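[1] my questions are about this predicted structure, shown below with the sequence.
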Amino acid sequence: MGGKPLLVGVTGGIGSGKSTVCSILAGLGCELFEADRVSRELQVTDPGVIRGIAELFGNEVYTRQADGTLVVDRRAIAAAVFSDRGKLEALNALIHPKVFEAFDREVERCRREGRKILCKEAAIMFESGKAGDLDLIVVVAADDQLRIERAVSRGLGNREEVLRRMRAQWPQERLVERADFVIWNNGTLEELRARTVELYGRLVAAASSAGNRGGKQRK
């Protein structure tokens with residue numbers, strides 16, 4: 001059994017490019033836990049989460065396809081939570097504990113298999129109160145207008161919907177202030193990859209240092 005992996009949080013606002021950074025890191029050899037993907041899966045697989053979402057947003061947010069697959073209207077939920085902080089907090093309280101449990105299991109798997117670096121990708125990192133469990137935090141940032149354009153082009157909503165989501169998240173400058181590493185993503189994919197490769201080298205160095213195993217106290 002190996003030691004604890006270096007736990008790296010990767011976060012950033014909508015349209016920042018954090019998923020691209022995580023994909024590059026995974027290709028370089030990091031293990032990857034996608035908190036948002038796990039959250040989405042729980043919304044259609046976990047009976048308690050499904051029941052809670054139906055109570056919060058109404059049964060109409062769920063439909064079944066012809067093959068019986070359960071589908072949730074995530075855009076309707078997003079529109080509701082990003083205009084009603086109470087519903088956003090209720091949704092997070094419903095899902096986050098289960099995501100945390102899944103991450104703990106992934107940490108244990110990496111420990112057993114001797115994996116050196118585990119990256120946790122999450123849109124909400126500091127707000128969840130769990131940032132202190134991680135060794136390092138990486139924030140991916142970009143100019144607001146560029147983030148809006150990217151989010152709209154990915155079908156995450158129209159301009160006003162994206163702006164509402166941005167306002168519901170921590171301001172980017174606040175994330176940057178709390179980060180151990182910041183990757184600015186205002187340029188090309190090639191430039192982003194180069195910055196991410198540089199970051200990977202730093203993570204490898206940190207993973208080899210026993211002093212970076214204890215996590216940090218983050219407020």
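    Looks like it came in fine. Numbering: from 1, shown residues only.
[2] what helices and strands are in contact with the top helix by length along the chain?
    The longest helix of the chain (DSSP state H) is helix 85-113. Under the contact criterion of 3 or more Cβ pairs under 8 Å, 6 or more residues apart in numbering; DSSP states H and E, helix 85-113 touches strand 31-34, helix 35-45, helix 47-57, helix 74-81, strand 117-121. Heads up, the C-betas are built off the backbone N, CA and C, glycines and all.
[3] would you turn these into TSV with mean neighbour count and distance to Lys18?
    Output for these, formatted as TSV (neighbours: other Cβ atoms under 10 Å; distance: least, Cβ to Cβ, whole Å):
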stretch	mean neighbour count	distance to Lys18
strand 31-34	20	10
helix 35-45	17	10
helix 47-57	15	24
helix 74-81	16	17
strand 117-121	24	6
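[4] switch these over to CSV; also include distance to Ala179 and mean pLDDT.
    Output for those, formatted as CSV (distance: least, Cβ to Cβ, whole Å; pLDDT from 0 to 100):
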stretch, distance to Ala179, mean pLDDT
strand 31-34, 19, 98
helix 35-45, 17, 95
helix 47-57, 30, 96
helix 74-81, 25, 89
strand 117-121, 14, 97
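[5] which parts of the longest helix of the chain are buried?
    Across helix 85-113, burial judged by 16 or more other Cβ atoms under 10 Å covers 88, 90-92, 94-96, 99-100, 102-103, 106-107, 110.
[6] cool, and stretch 193-209?
    For stretch 193-209, by 16+ other Cβ under 10 Å, it's Arg193, Arg195, Thr196, Leu199, Tyr200, Leu203, Ala206, Ala207.
[7] and the residue located most distally from the centre of the chain, backbone torsions?
    Farthest-out residue of the chain from its mean C-alpha position, per Cα atoms, centre = their mean: Ala66, at 31.2 Å. The phi and psi values for Ala66, taken as degrees, to the nearest 10, are phi -60, psi -30.
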